[in-house]
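Got a predicted structure here, sequence first:
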Amino acid sequence: MLTRRILLPLCAVLLVLGQIGTAQSQVWPQRPVTVIVPFAAGGNTDTIARMTAQRLSEVFGKPFVVENRTGAAGAIAAAMAARAEPDGYTLFIAALPVMAIVPAMMKVRYNPQKDFAPISNIATNPFVLVVNKDIPVKTLQEFVDYVRARQGKLSYGSAGNGSLIHLSMALFLKRAGLEMINVAYRGNAPALADVIAGHIPAMFSNLSDALPQANSGSVRMLAVSSEKRSALAPQVPTVAESGYPKFNAVTWNGLMAPAGTPPDIIARIATEIANAAKDPKFASKLAAYGVDPLGNTPDEYKAMLANDITIWTEAVDIAGIKQQ
């Protein structure tokens, strides 16, 4: 009897607290929301973040303020976001390298899967295998045959050791049983410039950088790295359909929150990201930066992250990069 007298008031208190928590998340947001970006202003990730923040500000009627936190290849921003209060007032624009590659290359102060609640993957960005215009190949299979006949003698360009461009090629070469020499540059642009000049024969390039060069005839695009053909270059087949099934190497930018953020807040934001991805105006703005809108669900984004961690951890191992 005494136990019942104690339990009944306790249950009532817990019920009230639960109702208060639900009510608070229902009226979210009551003040500005901070959106942490792991890179400097002006890049693709920052641009996508600002477009998304503006959209959410308009929908929810409160400012979504972008805050750039640079350093350690994005690890500083990720750790900061992971430690933030899980109340819906701190969000994180996650980039694939920060979540799936950096933790495989260095010790970080966050766990990509345990410390974050995935909301929605905003957009993906495929790469495209390009060759110099004078290389006598027009298809991916012809490229494979060309390289195999010169096994270990040809080079390829990358945007630095451990970059997605480097790892995408390392992964493909492993799948195709080929050997090439990585020539690391400080970014996609200088590597592509040397492909155009004929100093190196090939590379996986950002599609947005390669498109104008391909249109001018400076390079030839052989295959895109995404699972499906890109709307920006529908005439270019995928690596997967060109003889290497399940090959899928894309970068992405998605919205996450600290683990423990109320599920109804997560769901509301995810719904609006999905709506934005279907909006022709928003999608066209993304296309201008060479990215394809996605807007998937929290569960789909969670599964995508888990799969990518497996893929890129393997790629880091294939490339022979040791964790620092």
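Sure thing, it's come through.

which residues touch the nearest residue to Ala319 once chain neighbours are set aside?
Leaving aside its sequence neighbours, Ala319 sits nearest to Ala170 (C-beta to C-beta, 6 or more residues apart in numbering; 4.3 Å). All C-beta atoms are positioned from the backbone trio N, CA, C, and that covers glycine. Shown in contact with Ala170 (C-beta atoms under 8 Å, 6 or more residues apart in numbering): Asn182, Ala315, Ile318, Ala319.

And these, which of them are buried?
Using 16 or more other C-beta atoms under 10 Å as the burial test, the contacts of Ala170 include Asn182, Ala315, Ala319 as buried.

Just the CA coordinates for the longest strand anywhere in the chain, please, in PDB.
As assigned by DSSP state E, the longest strand anywhere in the chain is strand 116-132. C-alpha atoms of strand 116-132 as PDB (Å, rounded to 0.1, in the frame of the first residue of the first chain):
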ATOM      1  CA  PHE A 116      24.800  12.200 -34.100                       C
ATOM      2  CA  ALA A 117      21.100  11.900 -35.000                       C
ATOM      3  CA  PRO A 118      20.900  11.900 -38.800                       C
ATOM      4  CA  ILE A 119      18.100  14.200 -40.100                       C
ATOM      5  CA  SER A 120      18.300  14.200 -43.900                       C
ATOM      6  CA  ASN A 121      20.900  14.000 -46.600                       C
ATOM      7  CA  ILE A 122      20.400  17.200 -48.600                       C
ATOM      8  CA  ALA A 123      22.400  16.500 -51.700                       C
ATOM      9  CA  THR A 124      25.000  14.200 -53.300                       C
ATOM     10  CA  ASN A 125      27.800  15.000 -55.600                       C
ATOM     11  CA  PRO A 126      29.200  12.400 -58.000                       C
ATOM     12  CA  PHE A 127      32.700  12.200 -59.500                       C
ATOM     13  CA  VAL A 128      33.500  11.500 -63.100                       C
ATOM     14  CA  LEU A 129      36.400   9.600 -64.600                       C
ATOM     15  CA  VAL A 130      38.000  11.900 -67.100                       C
ATOM     16  CA  VAL A 131      40.900  11.400 -69.500                       C
ATOM     17  CA  ASN A 132      43.000  13.700 -71.600                       C
END
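
Which strands border it, and is each parallel or antiparallel?
Taking DSSP bridges as the criterion, strand 116-132 sits next to strand 202-206 (antiparallel), strand 219-224 (antiparallel), strand 250-258 (antiparallel), strand 292-293 (antiparallel) in its sheet.

Those: which one's closest to Arg186?
For Arg186, the closest of these is strand 202-206, at 13.9 Å, according to C-beta to C-beta.

need the next SSE after the longest strand of the chain, C-terminal direction.
As assigned by DSSP states H and E, the chain's next helix or strand after strand 116-132 is helix 140-148.

helix or strand right after that next one?
Where DSSP H and E defines the elements, the next helix or strand beyond helix 140-148 is strand 155-158.

quick one: average pLDDT of that next one?
Regarding strand 155-158, the rounded mean pLDDT is 97.

Tell me which strands that strand pairs with, and in which orientation.
When DSSP bridges is applied, strand 155-158 pairs with strand 181-184 (parallel), strand 202-206 (parallel).

would JSON lines of those with mean pLDDT and distance to Ala123 be doable?
As requested, the strands paired with strand 155-158 are arranged in JSON lines below (pLDDT from 0 to 100; distance: least, C-beta to C-beta, whole Å):
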{"stretch": "strand 181-184", "mean pLDDT": "96", "distance to Ala123": "27"}
{"stretch": "strand 202-206", "mean pLDDT": "96", "distance to Ala123": "13"}
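
looking at those strands, which is buried most?
strand 202-206 (a mean of 27; mean count of other C-beta atoms under 10 Å).

Would you mind writing the CA trace of the helix or strand just after it as PDB?
Remark: after strand 202-206, the chain's next helix or strand is helix 207-215, criterion DSSP H and E. Provided in PDB are the C-alpha atoms of helix 207-215 (Å, rounded to 0.1, in the frame of the first residue of the first chain):
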ATOM      1  CA  LEU A 207      31.600  16.700 -62.000                       C
ATOM      2  CA  SER A 208      31.000  20.400 -61.800                       C
ATOM      3  CA  ASP A 209      34.600  21.100 -62.600                       C
ATOM      4  CA  ALA A 210      34.800  18.600 -65.400                       C
ATOM      5  CA  LEU A 211      31.600  19.500 -67.300                       C
ATOM      6  CA  PRO A 212      32.800  22.800 -68.900                       C
ATOM      7  CA  GLN A 213      36.100  21.200 -69.800                       C
ATOM      8  CA  ALA A 214      34.300  18.200 -71.400                       C
ATOM      9  CA  ASN A 215      32.000  20.500 -73.300                       C
END
